[in-house]
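Q: here's a sequence, model it:
(one chain, ligands or ions: 1)
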Amino acid sequence: MDHLKLHIPGPVEVSDATWKAMSAPMIGHRSSNFQDLYGKIQPQLQELLGTERLVYLSTSSAWGIMEGAIRNLVQRKLLCCMCGAFSDKWLDVAKRCDLVAEGLQVDWGSPILPEAIDAKLASGEFDTVTLAHNETSTGLMNPLEKIAKLKEKYPEVMFIVDSVSSMTAVPLNFDTLGIDVLLAGTQKAWALPPGLAVFVVSEAAMQRAARNVSRGYYFDFHEFQKNAEKNMTPSTPSIPHINGISAKLDEFFTEGLENRYARHQKTNQMTRDWAAKHGFSMFPEAGYESLTLTCINNGAKEGGTVVDVPKLQGLMKEKGILIDGGYGKLKGKAFRLSNMGDETEETMSDLIAKLDTSMAAL
Ligand SMILES: *Cc1c(COP(=O)(O)O)cnc(C)c1O
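A: Presented below is the predicted three-dimensional model:
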C-alpha cells in the first residue's frame, strides 16, 4: 500500500533510521544488556528534560501516565485545567477513577492563565492540578513557566503537566520549573511510534504517592523508581521503543538541543506564514499559538478564508500527504498542520508547495 506521509499532529512520521534502530535483536529485560541500554539513555533523558531526577519509561500511551499520575497523587481534590479535547478529558478520567475533581474550563482556543488557577487554588480545596502544556486539539500552548511559578505560593499542590506534543520540541527544564510530574508519549515530537511514555516525578510527589494506598500497580510511581534505580522497568517494557529512543536521543544531541528547538520554531513559522498568505486566521488566541503544530481557523471563529477541508485533505492525499481535518467538534471548522519531530525546512517546503497546488484546485 502506498504510504501517506503524516503531517497530522500525532502520530507523526517515523524515519527509516528509527525503524532500523527499533529492529535490533531482542534482549532480556532483566539482563545487563538492558541495564546498559537504560543506563546509557538515562543521562541523556535527564539532560533533555533538565532534571537530576530519574526519568521513567512506561510501556503505555501517554494516557497511562495521565491516569496513573492522578491515581498516585490526588488525595483530596483535583483541579483540571481544561482548554481543549485532551485537557478536557482529564476530568472525565478522574471521575472514572472515583476521584473528587473539578474543572477550570476556558473556551477552546483560549489559554489557561495563572490568575485563573490562582483564584481556584486560593480556596485551599485542591491538592493536585492537571495542565496540558500544548493542547494539541486547538494548537495552543499554555504559559507553562508563568503557571509553574504558582508552585511558590502553593508548594503543597501537585502540578501534573502533559507535555505530550511539546516534549523535545521546546525547552522543558523540570527542575527549574519546579513542577511535580512531566509526561509525554513518544508518537508526537519524539517522532517514535506510539506505545511508550516518558515521565519525571518530583521528590514531593513520590512522598505524596507513598501515602496513597489506592495507586495501583502498573503505574505505581514507586515501582518505577525502585526499578529505575537499577536501570530497569517494573514490567517487561517495549524494548524496541527503548532502542528507538536511544537512537533518537543520539540524533537530538548530534543536532544540538538549541538547534532542534530553533528548527521547530522555524518550521512552525512556515505553516503560519502559509496560512496568512492564503488569508486564513489562526484558531488559538494570538500569542498562545503552538510551536509544534498550526491550528488554522476555517469558520470555527469569525474572520479569514474558509475552504472545503475534506476536499483539501483529499487533494493532499493524492499528493501522498495526510493532513488533519479538525479535532472533535472542530472537524471541518479548523484544520491542523504538524511540524513536529524530524521535519525540516526542506520537508515543510514540500508540504507547502503541495498545499498551494491543492488550494488552487479547490
Ligand atoms: C496525543 C495527546 C494525548 C494522548 O496521548 P495518547 O498517547 O494517545 O495516550 C494527550 N495529551 C496531548 C496533549 C496529546 O497531544
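
Q: grab the most central residue of this protein for me.
A: V164 (1.2 Å; CA atoms, centre = their mean).

Q: that one reaches G84, doesn't it?
A: No: in this structure, V164 is not within contact of G84 by CB atoms under 8 Å, at 12.0 Å. Quick note: C-beta positions are derived from backbone N, CA and C, even for glycine.

Q: shared neighbours, these two?
A: 132, 136 (CB atoms under 8 Å, 6 or more residues apart in numbering).

Q: quick revisit: host element of the residue nearest to the centre of the chain?
A: Counting by DSSP states H and E, no helix or strand carries V164.

Q: quick one: it and E135, what's the gap?
A: As defined by CB to CB, to the nearest Å, V164 lies at a distance of 10 Å from E135.

Q: which neighbours do those two share?
A: By CB under 8 Å, 6+ apart, the residues touching both V164 and E135 are F86.

Q: circling back: if I pick the residue nearest to the centre of the chain, what's in contact with it?
A: 10, 62, 86, 132, 134, 136, 183-185, 188.

Q: okay, domains of this structure per the record?
A: Here the domain assignment for the chain is 5-12+257-361, 16-253, based on automatic domain parsing.

Q: mind listing the strands for the protein?
A: For the chain, applying DSSP state E gives strands covering 5-6, 55-58, 78-82, 101-105, 128-132, 134-135, 140-141, 158-162, 181-185, 197-201, 281-282, 293-297, 321-322, 334-338.

Q: dump those to a markdown table, plus mean neighbour count and distance to A210.
A: Output for the strands of the chain, formatted as a markdown table (neighbours: other CB atoms under 10 Å; distance: least, CB to CB, whole Å):
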| stretch | mean neighbour count | distance to A210 |
| --- | --- | --- |
| strand 5-6 | 18 | 41 |
| strand 55-58 | 24 | 16 |
| strand 78-82 | 25 | 18 |
| strand 101-105 | 18 | 22 |
| strand 128-132 | 28 | 15 |
| strand 134-135 | 31 | 30 |
| strand 140-141 | 25 | 33 |
| strand 158-162 | 27 | 13 |
| strand 181-185 | 27 | 15 |
| strand 197-201 | 27 | 11 |
| strand 281-282 | 20 | 44 |
| strand 293-297 | 28 | 38 |
| strand 321-322 | 18 | 45 |
| strand 334-338 | 28 | 39 |
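
Q: can you tell which of those strands is closest to A353?
A: strand 321-322 (10.6 Å; CB to CB).

Q: sheet-wise, list the partners of that closest one with their directions.
A: Strand 321-322 sits in its sheet next to strand 5-6 (parallel), going by DSSP bridges.

Q: near the ligand at all, the strand it pairs with?
A: No: on the criterion CB under 6 Å from any ligand atom, strand 5-6 is out of touch with the ligand, staying 13.2 Å away.

Q: now do stretch 55-70
A: Yes: using CB under 6 Å from any ligand atom, we find that stretch 55-70 touches the ligand at 61-63.
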